[in-house]
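>>> A predicted structure for the sequence below; I have some questions about it.
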Amino acid sequence: MGRRRGLTRALLVSAPVAAVLLAACEHHHRLDDAVAVGLSNPELRHPVQFAAHLETLDVEVPVGAEGLSPGQQIDVYRFLQRYRREANGRLVIAVPAAPRDQASMAQSLQGIQRHVVEAGIDYRITRGKRLPAGETPLIRIAYKRPVAVLPDCDKWGENVGRNEERIPYPNFGCATQRNIALMVDNARDLQRPQDEDPRSSERRSVTWSSYVGVPQAGGESNAGGGADASKKGPAAKK
């Protein structure tokens, strides 16, 4: 009887201990898996960092100007297209305080605002400092865009020729990350995907009509055949 009680007590005591040990082993395996994934992932070991770079466009407003010149309109349009493509922040339009020719400044500012509104860009206007006498006033359009910062591939203290454990060496994948950061045209592509361009509604209508079998000009139907069916239709009548 006493032996049974002792065995029961031993089982009651060992069961929680075993559960703790199993949980510890499982946690240890999870940590090992996480470390292994991290060692073999260049994006985690050698991430590409980003720095903010300021892009500006200065639009001169000479005395007596009646809005933007044709060349300035082209410059503003192209600058706004670049903003939509690569900017992460808000567009800022800086106007000098108390310009000599306020009428010319107002007309040029309205021309810039018209382009910004047509492009669907959110912006804010700031007032700058008073310009010195004799200096041509200008309106500055600015935004910030990300620039890729190259990772340093300088960890060569380990002999990669003797690696019995088959563990990725410290510089594993660093050259690839560095080359991507060097070659990328728009660093924002490494942060988030670009917006989709509008689809071609004309081509989509033709493809969809062929797919669902809508009769085309002449009373023919391309159901189930797609573009191939339209090509085989005249031959079938022969």
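Nice, thanks for sending it over. Numbers count the residues shown, from 1 in each chain.

>>> I'd assumed Arg124 was in contact with Ala94.
No: Ala94 is not in contact with Arg124 according to Cβ atoms under 8 Å; the separation is 9.8 Å. Bear in mind the C-beta positions are built from the backbone N, C-alpha and C, glycine included.

>>> and these two? Which one has more around it.
The residue with more neighbours, out of Ala94 and Arg124, is Ala94; 17 against 9, by other Cβ atoms under 10 Å.

>>> identify the residues contacting the more buried one.
Counting by Cβ atoms under 8 Å, 6 or more residues apart in numbering, Ala94 makes contact with Ile125, Thr126, Arg127, Gly128, Ile139, Arg140, Ile141, Ala142.

>>> the fourth one: which element?
Following DSSP states H and E, the helix or strand that holds Gly128 is strand 123-130.

>>> quick one: buried residues of that strand?
Buried residues in strand 123-130, counted by 16 or more other Cβ atoms under 10 Å: Tyr123.

>>> run the chain-centre distance for whatever helix or strand comes next after it.
Going down the chain from strand 123-130, the next helix or strand is strand 138-149, by DSSP H and E. How far strand 138-149 lies from its chain's middle: 16 Å, per Cα atoms, centre = their mean, to the nearest Å.

>>> give me the contacts around strand 138-149.
Contacts of strand 138-149 (Cβ under 8 Å, 6+ apart): 48-61, 76, 79, 83, 86-96, 105, 108-109, 112, 128, 181-182, 184, 187-188, 190-191.

>>> what residues does the next helix or strand after it touch?
Where DSSP H and E defines the elements, the next helix or strand beyond strand 138-149 is helix 174-183. Contacts with helix 174-183, where a contact means Cβ under 8 Å, 6+ apart, come from 42-43, 45-48, 148-153, 155, 187, 190.

>>> name the helices or strands packed onto the helix or strand just after helix 174-183?
Remark: after helix 174-183, the chain's next helix or strand is helix 201-212, criterion DSSP H and E. Counting contacts by 3 or more Cβ pairs under 8 Å, 6 or more residues apart in numbering; DSSP states H and E, helix 201-212 packs against helix 226-237.

>>> before we move on, the earlier item: PyMOL command for the buried members of the contacts of strand 138-149?
To isolate the buried ones among the contacts of strand 138-149 in PyMOL, judged by 16+ other Cβ under 10 Å, type:
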select buried, resi 48+50+57+59+61+76+79+83+86+87+91+92+93+94+95+96+105+108+109+112+181+187+188
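
>>> which of the contacts of strand 138-149 fall in strands?
49-60, 91-96, 128 (DSSP state E).

>>> which residue is nearest the centroid of this protein?
Arg192 (2.5 Å; Cα atoms, centre = their mean).

>>> and it, what's its pLDDT?
For Arg192, the model assigns a pLDDT of 85.

>>> give me the lowest-pLDDT entry from the contacts of Ala94.
Lowest pLDDT among those: Gly128, 75.
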